[in-house]
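J.: Here's my sequence, what's the structure:
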Amino acid sequence: PAARLPPRTFRSYLPRSHRTYSCVHCRAHLARHEELISKSFQGSHGRAYLFNSVVNVGCGPAEQRLLLTGLHSVADIFCQSCKTTLGWKYVSAPHLLQALPEG
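T.: I've put the predicted structure just below:
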């Protein structure tokens, strides 16, 4: 039997008229500035941003991680174009979204 190929992923391009965030390695568009919720997070490698929505990212499996705010279900996210790890996302944390710091 023939091997199944993974589904083809198409890159999304955000409008040039908008300020955007992109992958530092391949420059793939990731998010519009309007999708930025907060810059008040600290990751293991420095400052971290929280976005409402992003494009051109893949997601790893969910896992439990001990963060500064306790144990949470999170998944790593990576650039769909060059596979660079970008950070992680909350899989389920509605109580944290209610208590986000301003900024």
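
J.: Three-state assignment for residue 34, please.
T.: helix (DSSP: H, G, I helix; E, B strand; the rest coil).

J.: Against residue 14, how distant is it?
T.: 10 Å (Cβ to Cβ, to the nearest Å). For every residue, glycine as well, the C-beta is placed using N, CA and C.

J.: okay, these two: which has more neighbours?
T.: residue 14 (18 against 11; other Cβ atoms under 10 Å).

J.: beta partners of the nearest residue to the more buried one once chain neighbours are set aside?
T.: In this structure, residue 14 finds its nearest non-sequential neighbour in residue 29, 4.4 Å apart by Cβ to Cβ, 6 or more residues apart in numbering. Taking DSSP bridges, one obtains residue 22 as the residues bridged to residue 29.

J.: Residue 29 contacts residue 20, correct?
T.: Yes. The criterion here is Cβ atoms under 8 Å, and residue 29 meets it with residue 20 at 5.3 Å.

J.: Can you pull the residues that touch both of those two?
T.: residue 14 (Cβ atoms under 8 Å, 6 or more residues apart in numbering).
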